[in-house]
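1. Predicted coordinates and the sequence they were generated for:
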Amino acid sequence: MIYITHSHSLDFSIESPAHCYLDLETTGLSKIHDTIVCIGIAFKKEDTYQSCHWITETLEEESLLIETFLKEVIRFEKIYTYGGKHFEWPFILQKAEIYGLDTSALTTLHLIDLKSSKRARTLIENDIGFNRSLTTSGRELAKLCKLTLTSSHINYSTLISEHNKEELLSLMTIYHFYKFLDRLNHAKLIDYTFEEVALTFYLSPSYIYPYSFKYQPGHYECLYDASLNHFSLSINALALKLKTYLPPSDYYIVEGSLMHKSLAKLLPASIRTKATKSTCYLEQEGLYLPLKLSNQSLYWEDEQKQIYTLYNQEALSPFLDEILKLGIKKLAQRL
């Protein structure tokens, strides 16, 4: 079995030595028929990050690989993975059971899966500014893993470890991007602008993230300059024709228009009809932000029941803190 370590000088603000990042390289997806060829972990060690990679050279070494990992990982409290809830962790537990290895110590570990959507991982990496140096896909690497185990004169351990290292670096970056977004709620608001079709916030984050990025989820756009530690978030206003619904018991329909009952009852009964849930609404064209504010008197919605807020500087100014927090929350949800 081959053991490879790497040291990484990464400028992440906060990290606990009790945290560990985990990634596997296997010959396929079957926990029964395929083999774990490489287990990689990464963690904070003093002022640097260290990644460790154990790589098998024969099929017979898989049990030793699992056993070594089980002994190493129990010193951590939290294990972060990307898709590990359905892949890495079940794969390891199944293999440990096959080889009769004791996994009881793993019950104290807290497994955290950072995969929150079905978006391709490469797209997420592009959004958050992480660039890989290798282009080997997971499917291609599985083929190399098989060749390593079945050929006596071909060994791809270096390529396997390099790919595994990049997977771990990607995983750490995704984790710290989430931390960066979370800490934006405590960042210093430098300025804000009501532009013609967008509300933009300018922040000075307290949590340092090492990569510049431009991220555009939906109708939001954020820019981060890592060299200056400057962050901006723009929420684009949309030109729409939307409806806001009112309590039907308070309104009548008079000559095709809504009228409050206090006025409608002054008119002849023959020209007024009680409003219903489907007819008691106001419709307005204008610019809207795609968000819902608390303590808002009127909510505007489209045919899909998506809630919007009218884009009006005077009306929105008291809600700037709430709008900023909602915008930051949306960024995390779109990953």
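-> Nice, I can see it.
2. List the buried residues for stretch 203-221?
-> Across stretch 203-221, burial judged by 16 or more other Cβ atoms under 10 Å covers 203, 205, 207, 209, 211, 213, 215, 219-221. In short, each C-beta sits where N, CA and C put it, glycine included.
3. could I get that stretch in CSV with only the CA atoms?
-> Listed next in CSV are the C-alpha coordinates belonging to stretch 203-221 (Å, rounded to 0.1, in the frame of the first residue of the first chain):
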residue,chain,number,x,y,z
LEU,A,203,-19.8,44.8,1.9
SER,A,204,-16.4,44.4,3.6
PRO,A,205,-16.4,40.7,4.8
SER,A,206,-14.8,39.8,8.1
TYR,A,207,-14.3,36.2,6.9
ILE,A,208,-11.5,35.9,4.3
TYR,A,209,-12.1,33.8,1.3
PRO,A,210,-9.1,33.1,-1.0
TYR,A,211,-10.6,33.1,-4.4
SER,A,212,-12.2,35.9,-6.4
PHE,A,213,-15.5,34.9,-8.1
LYS,A,214,-18.5,36.1,-10.0
TYR,A,215,-21.7,34.2,-9.1
GLN,A,216,-25.0,34.8,-10.8
PRO,A,217,-27.8,32.6,-9.4
GLY,A,218,-31.1,33.5,-11.0
HIS,A,219,-31.9,37.2,-10.6
TYR,A,220,-29.0,37.8,-8.2
GLU,A,221,-25.4,38.7,-9.0
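4. Which parts of this structure are helices?
-> For the chain, the helices defined by DSSP state H occupy 62-73, 88-98, 121-127, 138-150, 157-183, 261-264, 313-316, 320-333.
5. Comparing those, which comes out most buried?
-> Neighbour counts (mean count of other Cβ atoms under 10 Å) averaged over each of these peak at helix 157-183, with a mean of 21.
6. Please find the angle between the direction vectors of that helix and helix 320-333.
-> In terms of direction (axes from the mean of the first three to the mean of the last three Cα atoms, to 10 degrees), helix 157-183 departs from helix 320-333 by 160 degrees.
7. which secondary structure elements does helix 157-183 contact?
-> Contact here means 3 or more Cβ pairs under 8 Å, 6 or more residues apart in numbering; DSSP states H and E; on that basis helix 157-183 packs against strand 2-8, strand 19-26, strand 36-45, strand 48-55, strand 78-81, helix 121-127, helix 138-150, helix 320-333.
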